[in-house]
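Trainee: next come a sequence and a model predicted from it.
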Amino acid sequence: MSPIDLVVVLVQTAASWYMVGFIWTMQVLHYPLFDRVGRDAFAGYEIEHNRRFGLLVGPGIAIVVLTTLAQLVSRPVSTPLAAVIGEAVLLVVIIVSTVLYQAPQHARLSSGFDPAAYRTLVRSNWVRTVAWSLLGLLDLWLLWLAVPRV
């Protein structure tokens, strides 16, 4: 494996595990506290949450997408094609889940606290939580394959 390929795998693994930590924090800590904000302050809280959320997840997602594309275009010999395709599929699952389920719930919540939207958000976010976790584990395995043995 070339030094550039190794850097791509290292960067991807770091970015995917950043996202794993982020999504688990959202799922276990942040989202469960939404119903404690208070109805009067919730719309403003949700709008600010959405603004800040993008600033935090945007770079991580962009790095994982770009490094996955890089591996699809120029796959190192030690990287199984099925693994890179698996990463791409997991990214599609994450993006589709976000667009179809989580983003609409956040849009509804931006108008004020809605118990049904809140429940749907928390429950449907498990799709992203599991997908990011699997992607992170896959990246650890690919990193293990990429590191030379002495």
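Mentor: On my side now, so go ahead. Numbering: from 1, shown residues only.

Trainee: helices of the protein, residue ranges please.
Mentor: Ranges of helices in the chain, per DSSP state H, are 3-25, 39-73, 81-97, 103-109, 115-146.

Trainee: with distance to Y31, mean pLDDT and mean neighbour count as extra columns, can I get those in TSV?
Mentor: C-beta coordinates here come from the backbone N, C-alpha and C atoms, glycine included. Formatted as TSV, the helices of the chain follow (distance: least, Cβ to Cβ, whole Å; pLDDT from 0 to 100; neighbours: other Cβ atoms under 10 Å):
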stretch	distance to Y31	mean pLDDT	mean neighbour count
helix 3-25	9	95	18
helix 39-73	10	93	15
helix 81-97	14	97	16
helix 103-109	10	96	17
helix 115-146	5	96	17
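
Trainee: closest one to P32 among those?
Mentor: helix 115-146 (6.8 Å; Cβ to Cβ).

Trainee: which strands and helices sit next to that closest one?
Mentor: helix 3-25, helix 81-97, helix 103-109 (3 or more Cβ pairs under 8 Å, 6 or more residues apart in numbering; DSSP states H and E).
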